[in-house]
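> A structural model of the following input is requested.
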Amino acid sequence: MQQRVAVARALMNNPAIVFADEPTGNLDTENTDRVMDMLVRWNAEQHTTFLIVTHDPDVARRCQRVLKMVDGRIVADGPPGQVL
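Numbering: from 1, shown residues only. Predicted coordinates for the structure are as follows:
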């Protein structure tokens, strides 16, 4: 619940960009899906850009673009199907 409230709080002023470090890191699968559904919907409707840092490939697959980093360097950049 706290994680979802934090996401909602970040969106309440309709920012142009949101930086999210592991926004679903402490959530179970069901709540991860709910948060990601909300972020994807918000992106489509409000045109907010989300920069999401995650280790979860399922979360990354929900994004339009993925940058994969290894040892602090970008090693791949593109749609999830090409990068993951």
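
> From residue 71, how far off is residue 23?
Per CB to CB, to the nearest Å, residue 23 is found 24 Å from residue 71. For every residue, glycine as well, the C-beta is placed using N, CA and C.

> If you could redo that for residue 11, that was the one I meant.
Distance, residue 11 to residue 71, using CB to CB: 33 Å.

> Between the two, tell me which one has more neighbours.
When residue 11 is set against residue 71 and neighbours are counted by other CB atoms under 10 Å, the residue ahead is residue 11, at 16 against 5.

> Quick check: the more buried one touching residue 48?
Yes. Shown here, residue 11 and residue 48 form a contact pair, counting by CB atoms under 8 Å, at 7.2 Å.

> which residues do the two both contact?
Common neighbours of residue 11 and residue 48, using CB atoms under 8 Å, 6 or more residues apart in numbering, are 18, 42.

> Could you pull out the strands in the chain for me?
Secondary structure of the chain (DSSP state E): strands located at 17-21, 49-53, 66-70, 73-78.

> For these, which has the smallest mean pLDDT value?
With a mean of 94, strand 17-21 has the lowest mean pLDDT of these.

> ok, and what's touching it?
7, 10, 11, 39, 48, 49, 50, 51, 52, 53.

> Could you give the number of residues near the fourth one?
Translated: residue 39. Residue 39 has 22 neighbours, counted by other CB under 10 Å.

> How about residue 40?
14.

> With the one 4 residues further on instead?
Using other CB under 10 Å, residue 44 has 9 other residues around it.

> Quick one, grab the pLDDT at the residue of the chain positioned farthest from its centre.
Largest separation from the mean C-alpha position in the chain: residue 71, at 20.9 Å (CA atoms, centre = their mean). For residue 71, the model assigns a pLDDT of 97.

> next one: residue 1
Among the per-residue scores, residue 1 shows a pLDDT of 68.

> is the residue positioned nearest the centre of the chain in a bridge, and if so with what?
The centroid of the chain falls nearest to residue 52 when counting by CA atoms, centre = their mean (4.0 Å). When assigned by DSSP bridges, residue 52 has beta-bridge partners residue 20.

> Could you pull up the residues touching it?
Taking CB under 8 Å, 6+ apart, one finds 20, 23, 39, 59, 60, 63 in contact with residue 52.
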